[in-house]
Structure formats: structure tokens, C-alpha cells
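S.K.: could you look at this predicted model? Sequence included:
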Amino acid sequence: MTDASLPAAAPKSLLVADGRTRRRKAAETRFRLYGVAAIAIGLLALVFLLTSVLGNGVNAFRQTFVEIPVTLDEAVLDKTGTRDPKAMAKVTTVSYGKLIQQALEAELATRGIDTSALTEKQVMSLMSKEAPADLRRQVLADPLLIGQTITFDAFATSRVDGYFKGRVTMESASRDSNITPEQLVVAEAMAGAGLIETRWNWRFLTAPDASELRPEAAGLGVAILGSAYMMLIVLVLSLPIGVATSIYLEEMAPKNRWTDLIEVNIANLAAVPSIVYGILALALFINFMGLPQSAPIVGGLVLTLMTLPTIIIATRAALQAVPPSIRDAALGVGASKMQSIFHHVLPLAMPGILTGTILGLARALGESAPLLLIGMVAFVKDFPSAPPEGLMQPATALPVQVYQWTQRSDPAFVERASGAIIVLLTFLLTMNAVAIILRRRFERRW
Amino acid sequence: MSAMKLTVSAAAILAAAATAAAARDNIQIAGSSTVLPYATIVAEAFGENFDFPTPVVEGGGSGAGRKKLCEGMGENTIDIANSSSRIKQSDIDQCRQNGVDEIMEVQIGYDGIVFASAINGPDFALTPADVYGAIGAQVAKDGALAANGAKQWAEVNPDLPAQNILAFIPGTKHGTREVFDIKLLEAGCKATGAYDLFLVASAGADDAAKEKDALANCLEVRKDGAAVDIDGDYTETLARIAANPNGMGVFGLSFYQNNTDKLKVATVDGIVPSVETISSGEYPVSRPLYFYVKKAHIGVIPGLKEYIEFFVSDAMAGPEGPLAEYGLVSDPELARTQEAVANETPMGPLE
């Protein structure tokens, strides 16, 4: 029944909306509002995430350093006087620690900073426990330093660092068993004398992980390298396998029950929880094939398995988007099936394939669950060497490092975990941005 | 043909990598997340001062670590399992089945388990009986068993503050829960008389069955939200307490010592938990920490023996060492452990 057929309908103006039109308009406005509200909720969640991560994590990139002159005493560091690296390696960090302690006390005395309220141990614990190891590394790398007085740049301990970043206050220090307000007073005086300064810290990105006694020295180096190795393996394996699979399925395979079955399985695998791949990797790669634990090669292989379905699905979509007329034209001028695919279809589908690959890689980069089972969620201090041997040596990965740091008891690791999240997000953002740019630039619409 | 070339080069890299599978030269360790920080501290110092690579230390839990240790021999199995509870006969049997015949047991020290609440809250002086009275499922009331209905700590013991009962206890998968069960719930159950009532009420066939039944009843905690199982780490417990200022949480001593600016520790039987009171045995809630070494890997994996010796050396595990600084309670009989390690004495059968 239409309005026109209603008896005794009043003449209508197009300018004045009647009840029904108003209701329809209101419904539309409400729907728009729902949409805006949905976006607002999403944005709010994003803002909340970013503020909490950035608020906690930006400080991880800055670190407080103590800078003092240290005289490298030959009598302590190289008793034989031969500069023989083997003999020098026998001198442990304990001796280096004593050397640093003497240097620190001497420097504080010359600067006239009063440390009478502190014990010797408390003075030393203003500095990171990483300092002796640092100095030892420097000396072993350059034995000519022995006998000289060098300006030694060491991390301040995490509580002192926290004080200069506002994480630790005099009030919290009075309750803290790891620092006292008196120590902070001395630290403040040292900052006044220019011995302590807070500045950008590259070592957060380049240094390996550190134990719980020295959170200030912990860095992402091994994790970034491990993630890079795994991404390399994923790229090198999953791109050719995925593209070859898609080309065969899309362009060459007959359509029958078998290919249908394969297709269903691929779609299904894309949705399998990643931990399942971890279980598979443990059984197949480590227990059966005997590959080493904690190694990027195993991680890379798992992530390859995980990424393959994503890449296959994206590649098939990209191949499907190339119009059949291109293939027909190529075949028409005498190209073989393979020539038509590799010379014409594949180049046109490339932007779509690369976008899919990058998105798959980004997902693999952020994955931690399957790595749990193959021993990559571990404390790894030594850098793996260059590939290919490095692929078999222990390493961790970025998301795993975040997971580990959130579990540690020292509050300084909260800051570092957030810092690691920022690094991970930056990588993901870059990868996704590249994917979008590729798609915008090179994708052709037909 | 780029895809083809890529495939070929990929296969080549894989083959190269597979042949490059040289002998493992780093020690591989897994197990208890309580022992993990200690093991990383030692591993770090070991890597710094020795010519061997830094050992790789994984967490994963005591049970999982022992299971991995017993998976078999060879370079793709771990060398050391960290454990916050003693190895079980079932683990030893499994080890033997897989050819791991000789295991060395190394006790590294003790770990204290503490009750702590928000720093701004009132002080707590608990006894096992208070803990059981607050979170046990059934308590003794006027000589009979009754479902626990206590809302506030003051109802359990008038000396305690009038604060709502909310306890975050470790989940059953944690090794810490075992200690908590035995040293607090069981002890409290017996002290309040609930154990005897459970014994009487038990329908077990003989005395042994009745005892077992009563003990199992003692370990039941209330399910009305006053006791919350935490399956995550101590960091989660700390976050829960930050969100609920009324909450009490169970922590390891080392975790508490690193967060003394946020947590206030409760005394148990009037004793303040500290490295000293635990090593003297005054503070009741503590447990030994261990690691287990696959003896056949000594001499095969470079640095394994050096690492074990370094771990139990006075410089590391002694009362002045970095482990004690982090919260490990040094073992008064460390010298005996050092000797056993030096002689590579495998562990005998469990008594």
C-alpha cells in the first residue's frame, strides 16, 4: 500500500518532511552515530595502548651514565706485563670491580662529594654491576689501554637511573631495599658535578639481554638479530614455496576433488592457532630431525609453516585479479603456458603478492607462542654469528624478549619491556606502511 | 624466473645450514621460573669470566624442565634442569627409560615464601592457623566443621586488622603452591583442629585412607572469591594487589626484596622473613632449590662442569655472593655440595 492510495491524504510539500521521512532520516543519523561511536571506541583503545606503552617505554631509550676517569693499573690487570690475551683473560671482573671502586672513591673525594653516610658497598652500588664486565671487555679488546687513565663511561644502577627519570623518588627509596635516600643524595651531587648524566642510549638496541641484577644493561640486540634471521628464513622459504603453490593451484591444476581438498586445507591452516605449529616444530624439527634448540633456523621454519597459508591465499587472490584477457592474449601470440604466467601474469600480480607476503611476515614477526616450545624463550647473552652458522646458534626474538622482561621482578624491566614493544611496533608499522605504499603505487585496477 | 632462482637458493641455504649443524658448544638449561633469575645471574657472570659461551637459560616450570631433562641423551636435549621442588620417582624412571642413567642433584640454597600486602595497608602478623582460617574451605567452628564464612581478617583472629579477606595464592601448577599447601594450609589445618574433625568425618576404609582424605580436605581453599589462584607470575600478583588494595599476595622472597617500595611483608609466627631468618630456620615457610645435571654430558658439552662448580662456589652461592644479594638463602652446607660437584657424585635413590 502506497501513500498515494491513502484516502484523504493531505497535499504534501517536498520542503516539509513528513513523519516517515523524518523517521528514516533519524534512523540514518543514528546509524551514523553508531559508526562514529564504534570508531571512537577503537581509537580510544588505541590511544590507551599507545599512551601506556609510550609513557612507560620512551624512557627505556635514555639511560643514566656515570663517567669517571679510571687508571688501568698494570699490576692488577696484567701481572706478567706481556699483554698476553690468555694471561689477561684470567683477571676476573672482581679485580676490575675493585679498580673501578677505587677510581670512583678517588673521584668523589677530589670533587669534594661527601660519602660519609654511605658504606663502600653502597657507593659502588650507584654503578651498574655491568661496569666491571664492560671495562674488562674494553681492555681485552685493546690491551694497549693498560697503564693509561681512560674516561670510563658506565651505566648507573637502575634505581639511580629511575631517580633521574622520575620513576624512583626519595619517598619510595626510603622503603626500597635496593637503594637508600642517602645514596640518591650522593647521586644528585654527582650529577651536579657532571659525573652523572642521562642521555640517549644506543645500547638498548645493540646490547644483549642482562640478568635481573643489572636491568640497566639489558638490550634488544640478540632479539633483533634473532628476529631478523627468522624473517630472512621465512622470506626465503615461504615466498617461493607459496608463490609456486599458488601458481600451480590457480593456473595449472585441474579442478577436481583433490585440489578442492587442498584448498580447504590451506584455508583451514591459516586459522590454526600458532601454538599448534610450535608443537609440530618440536616433534618434527628438534626431536625427529635433530636440529638444535633455541636456534633461529627452527623458529624460522615454524614461522614459515605458519606464514605459508597467508601468502598462498594472498597470492591466489592477486593472480585471480589479473584479467583472463591477459593470459588469452599471451597464449594467442604463441606464448607457452609458462611464458604467459612468468612474463605477464606474475609481474602484474606482484604488488598483491608482495603485500600479502609483507603482511604475513609482519604477523610472523609478532608471534611468540610457537617459539615457546622450541626453546627460544630463553636468556641468551651471546650474539649468534653470521649466517649460515648463526642460524643454528641460540637466539631470542623481539616478542619473546617483551614476554620475558614483563616476568622479571625488578620494576626497571617494566620500562624496558615497554621500550621493546615500541621497537616491535615500529618494525610492524614500517612493514605495514611499505605494504600499503606498494599496493597504492603499483597495483593496477582493471 | 626469479621464483625459481629463489627456490633453488633457499634449498641451498637449507642444505648448507643442515650440514653446518656443528657440535653444540653452549650449555642448555631449562626449568623452574623461581630458579631462572639465579641461573641467569650465574650464566652471565660465567660467560664474562670464562672462555666458554654464556649458557642459554629457559624458564618453563620445574616439572617441564625435569621432563625435558629426561627426554634422552644427545646434543639436542638439555644439560641441566632447574627445579624448585625435588625430583620425583616418576621423573627418574622416565630418565632411565630414555637412557639418562646418572643424574647429579645440586642443592643451591633456599627460597623463602612470603605473604605481602599493599605498602599503605595495615600490618599483618599471621600464623598458619590464621591463613587456614581465612582461606580454608571448611573450618572448625565450635567443635564442628562449617563452611568458611569469614569476611574479614578480624573475624578469623581479633588481633588482625578489620580488612576484607582477599588472598592471591599461586595456582596449582606452581611449585610454590606445594610449599604453601604444606607449610601453611596443612599446618594451619592441624593447628585449628579442623584436621581432626576431617579425620572423624572421613569415610575412608582404614587409618591411612582417612589421613589421606583429611589432608586432601585441608588443602581445599574456599571458592567464594576470597582466595584467588594466580597462574601467572609474581608480577601478576603484584598487579592484582595494586588494583585491590585489600589484597594479600604470596611472593618469593627475592621478588619481595626487589619491590619493597610497593609491598609490605607479613610476619609468620611473629618472624619477619629475611635471608637471615630463613637460613636460621626461624621463618617457617621456605623450600630448597635444586638443579639436576645430566652427568653423561660432562666432558661432552664444553664448560658444563665449570659452570656447575662456578654456580655452587662461595663467590656465587655463598652468603656474600650475588645470588644472596638477589634473595637466595645460602645453604649452610654449601661445602658438602661443592665437594659432591667436584667428585661428580650422581644422586642415589630417593629416600
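M.R.: Cool, the structure landed.
S.K.: list, one by one, the residues from the stretch 51-200 of chain B near chain A.
M.R.: The stretch 51-200 of chain B comes close to chain A at residues B:51, B:53-54, B:56-60, B:71, B:74-76, B:78, B:119, as judged by Cβ under 8 Å from any Cβ of the partner chain. Every C-beta, even on glycine, is put in place using the N, C-alpha and C of the backbone.
S.K.: got those as TSV, with secondary structure, pLDDT and neighbour count columns?
M.R.: Output for those, formatted as TSV (DSSP: H, G, I helix; E, B strand; the rest coil; pLDDT from 0 to 100; neighbours: other Cβ atoms under 10 Å in any protein chain shown):
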residue	secondary structure	pLDDT	neighbour count
B:Asp51	coil	87	11
B:Pro53	coil	91	20
B:Thr54	coil	93	24
B:Val56	strand	93	29
B:Val57	strand	94	27
B:Glu58	strand	90	27
B:Gly59	strand	86	26
B:Gly60	strand	83	21
B:Glu71	coil	88	17
B:Gly74	coil	84	13
B:Glu75	coil	82	17
B:Asn76	coil	82	21
B:Ile78	coil	90	24
B:Ile119	coil	89	15
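S.K.: ranges for the strands of the stretch 51-200 of chain A?
M.R.: A:62-71, A:149-155, A:196-200 (DSSP state E, counting those that start in this stretch).
S.K.: name the stretch among those strands that sits most buried.
M.R.: strand A:62-71 (a mean of 19; mean count of other Cβ atoms under 10 Å in any protein chain shown).
S.K.: what's in contact with that strand?
M.R.: The list of residues contacting strand A:62-71 from outside it, by Cβ atoms under 8 Å, 6 or more residues apart in numbering or on different chains, reads A:99-100, A:103-104, A:107, A:126-127, A:131, A:135, A:148-156, A:160-161, A:164-165, A:190, A:194-201, A:203-204, A:216.
S.K.: if we use 6 Å, what do you get?
M.R.: With contact meaning Cβ atoms under 6 Å, 6 or more residues apart in numbering or on different chains, strand A:62-71 is reached by A:103-104, A:107, A:127, A:149-154, A:156, A:161, A:164, A:195-198, A:200-201.
S.K.: pick out the most distant pair among the residues of the stretch 51-200 of chain B next to chain A.
M.R.: B:Gly74 and B:Ile119 (49.9 Å; Cβ to Cβ).
S.K.: still on that earlier bit, now mean pLDDT too, for the strands of the stretch 51-200 of chain A, in a markdown table please.
M.R.: Shown next, in a markdown table, are the strands of the stretch 51-200 of chain A (pLDDT from 0 to 100):
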| stretch | mean pLDDT |
| --- | --- |
| strand A:62-71 | 91 |
| strand A:149-155 | 90 |
| strand A:196-200 | 91 |
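S.K.: can you give the distance of whichever helix in chain A runs longest from its chain's centre?
M.R.: Criterion DSSP state H: the longest helix present in chain A is helix A:19-57. Centre-to-centre, helix A:19-57 and its host chain are 30 Å apart (Cα atoms, centre = their mean, to the nearest Å).
S.K.: which strands and helices sit next to it?
M.R.: For helix A:19-57, the elements it packs on are helix A:412-442, judged by 3 or more Cβ pairs under 6 Å, 6 or more residues apart in numbering or on different chains; DSSP states H and E.
S.K.: for the helix or strand where B:Ala146 lies, give the mean pLDDT please.
M.R.: Taking DSSP states H and E as the criterion, B:Ala146 maps to strand B:144-147. For strand B:144-147, the mean per-residue pLDDT is 84.
S.K.: partner strands of that strand, parallel or antiparallel?
M.R.: strand B:138-141 (antiparallel) (DSSP bridges).
S.K.: off-centre distance for the strand it pairs with?
M.R.: Counting by Cα atoms, centre = their mean, strand B:138-141 comes out at 30 Å from the chain centroid.
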